[in-house]
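Trainee: build the 3D model from these lines:
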Amino acid sequence: MAIAVSAQSAYADSTPAGTAAPSATGASATPGPTSPTLSLVANVPALPSKRIVVSLSQEKLDAYEDDRVVLETPVTTGGPDLPTPTGTFTVTRKYSPYLFRSPWPQGSPFWYPDSVANTAMLFAAGGYFLHDAPWRRVFGPGSNAQYGTPGGDYTGTHGCVNVPLQAELRLFAWTDIGVPVIVQN
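Mentor: As a prediction, this is how the structure comes out:
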C-alpha cells in the first residue's frame, strides 16, 4: 500500500499559519489544516484478463484468461549462450508467416539459414518472438540444456520462445496485440 498526501495538505504543512500558500498555478490561497490529510491508496494493479506466462525453469508456457489456464504447452527457450530475457513484456506485433534471417554472419556459431515460421509474435525489443519452429522436434525440459549451435533439438533457441505448431496456432489466434508476456525463471 502507498500513502498519498494531497498537494494542498503538503503546502499547508509547509506554510506558517496565517500566511498564504501558493497553489499549483502559483496563485496565493488560504492555508488549509495544519495537519496533513492522509489517504490510503491500494497500489495493487488488477491482473490483465489475458496474459502469457513462460517458465524458463520448467520450459513451459501457460496462457491465462482471468485466472483460468486456456493453454498449457511445453516450449523451448534460449540456450546457455543466448538466453531468453526475463521480465514483463507485451506482444507488440504479430506475423503469419514470418521469415527469420540470421543477424550473425555465416561462419558464426550462431548463424542459421533463412527459416520460415508459420506464426510469430514479437514480445521484446531485440527480436524476441514467440513462434513455432518447424525445424524442432523436442520441446520442454532439457530442450535448451546443451551448448552448441542454437536450433538443434537440445541446444535451445537464439533467445526466442519456440512453441509446438498446434499450440502456437491456438496461441496466435487467442493473443491480441498488447497482451502481457511474463518470462520468469
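Trainee: helices along this protein, start to end?
Mentor: According to DSSP state H, the chain carries its helices in the segments 7-14, 165-174.
Trainee: the ones you listed: lowest mean pLDDT?
Mentor: Among the helices of the chain, helix 7-14 carries the lowest mean pLDDT, a mean of 29.
Trainee: so where's this structure uncertain?
Mentor: Within the chain, the stretches with pLDDT under 70 are 1-47.
Trainee: quickly list the domain ranges of it.
Mentor: Domain assignment for the chain, taken from automatic domain parsing, gives 2-41, 50-184.
Trainee: which of the ones you listed sits most buried?
Mentor: Ranked by mean neighbour count, the domains of the chain are led by domain 50-184 with a mean of 17 (mean count of other C-beta atoms under 10 Å). C-beta here means a position set from N, CA and C on the backbone, and glycine is covered the same way.
Trainee: so what's Thr119 closest to, chain neighbours aside?
Mentor: Of all residues not flanking Thr119 in the chain, Phe172 sits nearest, at 4.1 Å (C-beta to C-beta, 6 or more residues apart in numbering).
Trainee: hang on, that neighbour packs against Ala117?
Mentor: No: between Phe172 and Ala117 there is no contact under C-beta atoms under 8 Å: 10.1 Å.
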